[in-house]
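K.L.:
make a model of this:
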Amino acid sequence: MGKIFTALVFIGVPLSVIGSLMHWSSILMFIIYCLTIIALASFMGRATESLAIVAGPRIGGLLNATFGNAVELIISIFALKAGLIEVVLASLTGSVLGNLLLVAGLSFFVGGVKYKRQKYNVYDARHNSGLLMFAVIVAFVIPEIFTSSMTEGQTISLSIGISVIMITLYLAALFFKLVTHRGVYQTTDEGGTEEHEVPEWGKVSAVIVLLLATIAVAYISENLVHTFEEVGERFGWSELFIGVIIVAIVGNAAEHASAILMAMKNKLDITVEIAMGSTLQIAMFVAPLLVLISLFFPTAMPLVFTMPELISMATAVLLTIVITNDGETNWFEGITLLAAYFIMGIGFYLL
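P.N.:
So this is what the prediction gives:
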């Protein structure tokens, strides 16, 4: 698989540059851009995995989630610049659904087929559950009640206030997990093997790969955004479907692959940290950050989602909490999460 992604990068990046300069078909370029971003995301995933081997599961999962979300953040910034507010909000929804239902579901299913029972740190899972409830139920759903009777200016002001609070709490949560309470809540069975792993790349090489891949993703993402309108008209896709399904899957490709790989290695602590940690980062850091960044563009983005988006995210959070709060999983729980994702995917496609 690594050779395939390497070939895609060395073929896709030049084609992306040539195609954008020569104005090739938007449909063709949409396919080339998506495949190239996914291949670049795999490089970012491999680089962060190399760094994670020497940093431990918590920091490793955080690094993977951060650089995985960097792709979507870049795409979203260019979408905001183009005035595609609905696509950005939909892609945030898709990231929450994708991480909690698709990534976790596939990881639990693939890992569960190989191992009867897989365990992970239940204390981390419960800590993340509380933050998920806050991020989606409190910070996303509750404001919808207030904004229904507010002016546009008041809605933006509320969104800014919520964004600042969420970013502050997210940074406090990182400080809690990585500094003040690091190592306090540990399980006796860490779930993974004790074998010593050798990183694929050294620290310097991994950082260089991350830097170059991020630059390439930034360039391709800006061009990808300009293909959305024509692709949507051609295939009958709404902006909602493009954001929830297409942008979310492409933007989170790196962590999707890494989480599944860790599950196959029986390293569920890292898998859960990627799936739930990435969701928290999207909801509590990326989304609020995009609200603040949008203030520098002609159209500011309010932190107000549609009712289908809100209900889908709340349902995904509640289902994930019920399934993960016991500290172990199996293939059937994975397929349950996947079933929920496909049901929601069909609904968004038909809207």
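K.L.:
can you report how many residues neighbour Ile346?
P.N.:
By the criterion of other C-beta atoms under 10 Å, Ile346 has 10 neighbours. Every C-beta, even on glycine, is put in place using the N, C-alpha and C of the backbone.
K.L.:
please apply the same query to Pro199.
P.N.:
Neighbours around Pro199, by other C-beta under 10 Å: 16.
K.L.:
skipping its backbone neighbours, what lies nearest it in space?
P.N.:
Ser50 (3.8 Å; C-beta to C-beta, 6 or more residues apart in numbering).
K.L.:
which residue ranges of this structure form strands?
P.N.:
Ranges of strands in the chain, per DSSP state E, are 118-119, 328-329.
K.L.:
redo those strands as a markdown table? Include mean pLDDT, mean neighbour count and distance to Tyr341.
P.N.:
What follows is those, written out as a markdown table (pLDDT from 0 to 100; neighbours: other C-beta atoms under 10 Å; distance: least, C-beta to C-beta, whole Å):
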| stretch | mean pLDDT | mean neighbour count | distance to Tyr341 |
| --- | --- | --- | --- |
| strand 118-119 | 90 | 22 | 20 |
| strand 328-329 | 90 | 21 | 16 |
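K.L.:
closest one to Thr151 among those?
P.N.:
With distances scored as C-beta to C-beta, the stretch of the strands of the chain nearest to Thr151 is strand 328-329 (46.2 Å).
K.L.:
what's that closest one packed up against?
P.N.:
helix 104-114, strand 118-119 (3 or more C-beta pairs under 8 Å, 6 or more residues apart in numbering; DSSP states H and E).
K.L.:
dump those to JSON lines, plus distance to Met44.
P.N.:
Listed next are those as JSON lines, based on distance: least, C-beta to C-beta, whole Å:
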{"stretch": "helix 104-114", "distance to Met44": "18"}
{"stretch": "strand 118-119", "distance to Met44": "25"}
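K.L.:
any idea which of those gets closest to Pro199?
P.N.:
Pro199 lies closest, by C-beta to C-beta, to one member of these: helix 104-114, at 21.5 Å.
K.L.:
pLDDT (mean, whole number) over the closest one?
P.N.:
Averaged across helix 104-114, the pLDDT comes to 92.
K.L.:
give me the contacts around that helix.
P.N.:
118, 256, 259-260, 262-264, 266, 268, 271-272, 275-276, 320, 324, 329-338, 340-341 (C-beta atoms under 8 Å, 6 or more residues apart in numbering).
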